[in-house]
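# give me coordinates for this.
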Amino acid sequence: MQNTVSKPVLFSGIGLHTGQPVRMNVLPASAEYGIWFKRTDLQAGDALIAARWDNVEPSRLCTLIKNESGASVSTIEHIMAALAGCGIHNALIEIDGPEVPILDGSSVRFVSGILNAGIRPLHTPVRVFELCKTVEVHEGEAWARLEPGTGFEISFHINFEAAAIGRQDRILNMANGAFVRELSTSRTFCRLEDVNAMQAGGLALGGTYENAVVVDGAKILSPGGLRHSDEPVRHKMLDALGDLALAGAPLIGHFTGYRAGHALTNRLLRAVFADSAATQMVTCNSEMANHLPGVGVSHRDLPLIA
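A predicted model of the protein is given here:
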């Protein structure tokens, strides 16, 4: 069945790049509504923006969506991952600024808020995009691929010069509460030199050691160190789930990313939907639905850090 939140869920914080305070309210929605953002601070023009791959605009270091009137919302990947990981298919997200609050740099506070509010079934079957053929895109050494599979899996591979990160590889079947248990607490990460460069360029103005893992060579500068020994690759998987949720329906297949980021994942979705033979939309039977992210998720899946 399709799901929505049982009641409104309010989040407040600052934007990672703008550094500005923002309030965001995740509201219940009806079946087949999908995920939409509404800019409540805009007084003119269309304030509604569909969370969909074809609304993604090029942006540095995050995922930004924009409608034809020019209304936009950025850094949506963490809340999109939380919704997908909790099995939420329909929601209206009201936000009073241009950027989703970064909170602690992961998805866990979004997940906790959703689970505290409750998940309401809508008694309408879930429709999914099933991969029928392999599609792959490249950019330099980086590449991303979607291929047929029986459920939904994510594989990711990263390789950074910073010794605190290095090479990390992980694969995860996203069924049931796997996202909440394994990925939701993993924070965004960056090198100290990148932080300095971004802030000099007017980005990451809200970035702190409390909402990102900052590394300097072999050193972890953020208090408390890593939440997982492979937290960076887990966060890349979190981002990938959020960006793939912009397909507009759950995916059945296997995603692999090698040094991939937000832009490359969106290029992959564009390539998939440009090929009419790459996917087919099917209505989930009970067996297929049981393998979707978020099915059966509960507070027991939340890590202790939540």
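
# CA atoms for contacts and neighbours, from now on please.
Noted.

# just the helices in the protein please.
77-85, 108-117, 178, 192-200, 231-244, 262-274, 286-289 (DSSP state H).

# those into TSV, with extra columns for mean neighbour count, mean pLDDT and distance to I93?
Listed next are the helices of the chain as TSV, based on neighbours: other CA atoms under 10 Å; pLDDT from 0 to 100; distance: least, CA to CA, whole Å:
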stretch	mean neighbour count	mean pLDDT	distance to I93
helix 77-85	28	98	10
helix 108-117	21	97	12
helix 178	19	94	24
helix 192-200	14	75	28
helix 231-244	26	98	15
helix 262-274	20	98	21
helix 286-289	14	84	25
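
# distance to C62 added to these, as JSON lines?
Below are the helices of the chain laid out as JSON lines (distance: least, CA to CA, whole Å):
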{"stretch": "helix 77-85", "distance to C62": "7"}
{"stretch": "helix 108-117", "distance to C62": "17"}
{"stretch": "helix 178", "distance to C62": "24"}
{"stretch": "helix 192-200", "distance to C62": "13"}
{"stretch": "helix 231-244", "distance to C62": "9"}
{"stretch": "helix 262-274", "distance to C62": "6"}
{"stretch": "helix 286-289", "distance to C62": "30"}
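
# show me the shaky parts of this protein.
203-205, 304-306 (pLDDT under 70).

# okay, which residue is most central for it?
G242 (2.0 Å; CA atoms, centre = their mean).

# hang on, isn't that one packed against A82?
Yes. G242 is in contact with A82 according to CA atoms under 8 Å; the separation is 7.5 Å.

# break this structure into its domains for me.
Using automatic domain parsing, the domains assigned to the chain come out as 3-121, 127-301.

# how long is the first one from one end to the other?
With CA to CA, to the nearest Å as the measure, domain 3-121 spans 4 Å from end to end.

# wait, which of the helices of the chain is closest to H17?
H17 sits nearest to helix 192-200 of all the helices of the chain, at 8.6 Å, using CA to CA.

# re earlier: go through the domains of the chain and pick out the most buried.
Ranked by mean neighbour count under mean count of other CA atoms under 10 Å, these are led by domain 3-121, which reaches a mean of 21.

# off-centre distance for that domain?
10 Å (CA atoms, centre = their mean, to the nearest Å).

# run through the strands of the stretch 201-306 of the chain in chain order.
213-216, 219-220, 251-258, 279-283 (DSSP state E, counting those that start in this stretch).

# direction included, what does the shortest one pair up with?
When pairs are called by DSSP bridges, strand 219-220 turns out to pair with strand 213-216 (antiparallel).

# kindly report the same for the last one.
Using DSSP bridges, the strands paired with strand 279-283 in its sheet are strand 127-131 (antiparallel).

# let's see the strand it pairs with as CSV, backbone CA atoms only.
Output of strand 127-131 as CSV, limited to C-alpha atoms (Å, rounded to 0.1, in the frame of the first residue of the first chain):
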residue,chain,number,x,y,z
ARG,A,127,3.4,1.2,-8.4
VAL,A,128,7.1,0.9,-9.1
PHE,A,129,9.5,1.4,-11.9
GLU,A,130,11.1,-2.0,-12.7
LEU,A,131,14.4,-1.9,-14.5
